[in-house]
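Student: A predicted structure for the sequence below; I have some questions about it.
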Amino acid sequence: MAASAQPAPVRATEPVRRTKKAREKSNKMGYVFVAPLVIGVLAFAIYPMFAALYLSFNQTSGAALNGKWVGWSNYRYALHDPIFWKSLYNTIYMGIFSVALGIVVSFVLASMINSVKWVKGKNMFKGIFFLPNVISAVATTLLFSFLFFPTKQGVINFVLGTVHIDPVGWFTDPRFSRISIVLMSLWGALGYNTIIFIAGLQSVPRDLYEAAEVDGAAGLKKWWYITIPYMRPIFVFMIVMGTIGSMKRFTDVWLIGGTAGNPSGTLLTSVLYIYRNAFLAGQMGLATAASYLLFIVILILTVLLLRLNRKKDSFD
Amino acid sequence: MPAIAIKTSSKRRQEAAVQWTLITLLAVGSLVMIVPLIWMISTSFDWAARLELGFPPRFWPLDPSLKNYRAAFTNVPMLKYIGNSLLVAAGVIVVSIFSALLSGYALSKIRFRGSNLVLMLALSTMMIPFEMTMIPQYLLFSKLNLIDTYWVFYLPALNYAFGTFLAKAFIDQLPSSLREAAVIDGAGEFTAFGKIYLPLCAPIVATMVILLFIGVWNELLWPLLALKSSAKYTIQLGLAMFTYNSGINKLPSIIMAATTVSLLPVVIVYLFLQRYIIESIALTGIKQ
């Protein structure tokens, strides 16, 4: 410590002072340049996080930034509210199906597109499958509200009718409503997953395949024993991203089922629960408590998924 | 010799069969993806389906007409909403990119005290879901009396940590010697940034413009919370409120006409920049 704190030799004083001055100037300019970002992060990410935490311990009425301190009572209320649990159940239910289906279908699709040798066709398929991804949730929902029309006039029900299946109340029958949402969002999200998987598939080293070929593996065997294990980090990334995304489901279920999550509350999701408590009932405290609970659920799921991956790694 | 020739030709034939099977399956899949959009466009021109869906479903209008579009534009003030959305998108794009480039440059080239802290702070807040912070943000803006103004979009655009990350990674690849030379010549930091690095940043700016435009254009939840008067609605909110109030799956062809118009801008952008967009998605992993 003492040695390093020794003053510099006399001859070096001049340049050292200059660089020190320059560094101070650099520091100052650095702060000026990052100021917009830092202000944005502090005002619209850090502050709201703490404000939400504070609010969740308050009983508020209407759009007030503060209220009466009530301790854990908002959390207790939410955790004893069957509607909270129902909304969480619906969210996770739709989440599991859309993540599982989305990953399996898009991985198979990506593998198929990646194996096509006709370059023009390859790009065309990528372009077509990705197209719905740029279409808004509002437009997708409006379109599918007609495709999934509950009578035989609906396109999908008409197709089913040709094989003598009675019309299905896709969005109106509580037995099917959640799965219909999953199928609709599969159409919208498939392209994104596929593009990421294709990028991953292209990163699998060629020599791994060559080695497998020497051992006599071909086609699907190579896919099963080399491609899929090699892609595991990408699968984990996709599962985590998909899980986080589906925990935030709002637009489609709100448009289809309103704030009640019709039919029969099957489309009531966690974000819808937060939304209706905050903006219909004016219970900002309860809503922020619910949002913290949702955040904790997301955090736990993420950590579990990442740990699952790590455990498998050490097992290997 | 002949045995080998036969073997390779049969192998080649087998490979060709695999290729044709793949292409056929993918073509069928593509059709499934496209059919909903074809049906949407066809229905949007079908005056016979203005009140109720036709039976059997058809892919060519029974009564082809542009009247649905006229009805859509008179019932839903589409032009107004599109103009509003363009205004919001332009403001958000300018503010976001301004913040991202300046901070990305500083974090990459000006090594100032605390730059690592700033980077960590920005990146870790990317993980915070918007749904968690939307209520305090709403309350903050209502306290500032800015609810129902477009400041609710422009101000939070400063917090574009993902853009900072992209810009920093991009500027990291540009040589630092350019800045050092400029500074020795007596140029200020702003000159070095604006005259030397900014023009080189065009590709990353283009990526951010496209991703931001698609994201802002398609956003619903925040406009739904923060905009109150219908004259200020964005396109998604306007369309959603119209159908929410008149009941979903009513007025098929008029709603499909309005929906078609609402997705034209992003689809046009997509058709022109398709490969570029797909590449940046694959590279950055961002999802709108």
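Tutor: Received it, and whenever you're ready, just let me know what you need.
Student: For the rest of this, base every contact and every neighbour count on C-alpha atoms.
Tutor: Fine.
Student: can you list the domain ranges for chain A.
Tutor: Domain ranges of chain A: A:10-55, A:74-315, per automatic domain parsing.
Student: what's the answer for chain B, then?
Tutor: B:2-69, B:76-248.
Student: Just say which of these is most tucked in.
Tutor: Across the domains of chain B, the average number of neighbours (mean count of other Cα atoms under 10 Å in any protein chain shown) peaks for domain B:76-248, which reaches a mean of 19.
Student: about what we covered before: any chance of the domains of chain A in CSV, plus mean neighbour count and mean pLDDT?
Tutor: Formatted as CSV, the domains of chain A follow (neighbours: other Cα atoms under 10 Å in any protein chain shown; pLDDT from 0 to 100):
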stretch, mean neighbour count, mean pLDDT
domain A:10-55, 18, 81
domain A:74-315, 19, 91
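Student: Nearest to B:Leu117, out of the ones you listed?
Tutor: Minimum separation from B:Leu117 across those (Cα to Cα) falls at domain A:10-55, 10.6 Å.
Student: Show me the residue at the heart of the chain, geometrically.
Tutor: You didn't pick a chain, so chain A it is. A:Gly245 (2.1 Å; Cα atoms, centre = their mean).
Student: Please refer instead to chain B.
Tutor: The centroid of chain B falls nearest to B:Ile214 when counting by Cα atoms, centre = their mean (1.6 Å).
Student: In terms of pLDDT, where does the residue lying closest to it once chain neighbours are set aside sit?
Tutor: Nearest-residue entry for B:Ile214: B:Val266, 6.2 Å, with adjacent residues in sequence omitted and distances by Cα to Cα, 6 or more residues apart in numbering or on different chains. In this model, B:Val266 is scored at 94, pLDDT.
Student: Now the helix or strand harbouring B:Val266: buried residues?
Tutor: B:Val266 belongs to helix B:252-284 when assigned by DSSP states H and E. Neighbour counts over helix B:252-284 (16 or more other Cα atoms under 10 Å in any protein chain shown) mark B:252-263, B:265-267, B:270, B:274, B:277-282 as buried.
Student: now the longest helix seen in chain A: how far from the chain's centre is it?
Tutor: For chain A, the helix with the greatest residue count under DSSP state H is helix A:82-115. Centroid separation between helix A:82-115 and its chain, computed with Cα atoms, centre = their mean, to the nearest Å, is 11 Å.
Student: any chance you could map the helices in the stretch 101-250 of chain B?
Tutor: For the stretch 101-250 of chain B, the helices defined by DSSP state H, counting those that start in this stretch cover B:115-125, B:130-143, B:151-154, B:161-172, B:177-184, B:189-191, B:198-200, B:202-218, B:221-226, B:235-246.
Student: Rebuild the ones you listed as JSON lines, extending it with distance to A:Asn262.
Tutor: Formatted as JSON lines, these follow (distance: least, Cα to Cα, whole Å):
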{"stretch": "helix B:115-125", "distance to A:Asn262": "34"}
{"stretch": "helix B:130-143", "distance to A:Asn262": "21"}
{"stretch": "helix B:151-154", "distance to A:Asn262": "31"}
{"stretch": "helix B:161-172", "distance to A:Asn262": "36"}
{"stretch": "helix B:177-184", "distance to A:Asn262": "60"}
{"stretch": "helix B:189-191", "distance to A:Asn262": "56"}
{"stretch": "helix B:198-200", "distance to A:Asn262": "51"}
{"stretch": "helix B:202-218", "distance to A:Asn262": "24"}
{"stretch": "helix B:221-226", "distance to A:Asn262": "19"}
{"stretch": "helix B:235-246", "distance to A:Asn262": "13"}
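Student: what's the distance between B:Thr133 and chain A?
Tutor: Using Cα to the nearest Cα, to the nearest Å, B:Thr133 is found at 5 Å from chain A.
Student: Spit out the contact partners of that residue.
Tutor: If you count contacts by Cα atoms under 8 Å, 6 or more residues apart in numbering or on different chains, B:Thr133 has them with A:44-45, A:48-49, A:52.
Student: The domains of chain B: lowest mean pLDDT?
Tutor: Looking at the domains of chain B, the weakest mean confidence is domain B:2-69, a mean of 87.
Student: For that one, what is the distance to the chain centroid?
Tutor: When distances are taken as Cα atoms, centre = their mean, domain B:2-69 is centred 26 Å away from the chain's centroid.
Student: same thing with stretch B:61-71?
Tutor: With Cα atoms, centre = their mean, you get 29 Å for stretch B:61-71.
Student: hang on, the earlier thing: now the residue nearest to the centre of chain A: which helix or strand?
Tutor: Assigned by DSSP H and E, A:Gly245 falls within helix A:232-247.
Student: Quick one: distance of that helix to the chain centre.
Tutor: Using Cα atoms, centre = their mean, the offset of helix A:232-247 from its chain centre is 7 Å.
Student: just stretch A:152-167 next, same as before
Tutor: 33 Å.
Student: One more: stretch B:276-288?
Tutor: Distance of stretch B:276-288 from the chain centroid (Cα atoms, centre = their mean) equals 10 Å.
Student: any idea of the mean pLDDT in that stretch?
Tutor: Mean predicted lDDT for stretch B:276-288 stands at 77.
Student: All good on my end, thank you.
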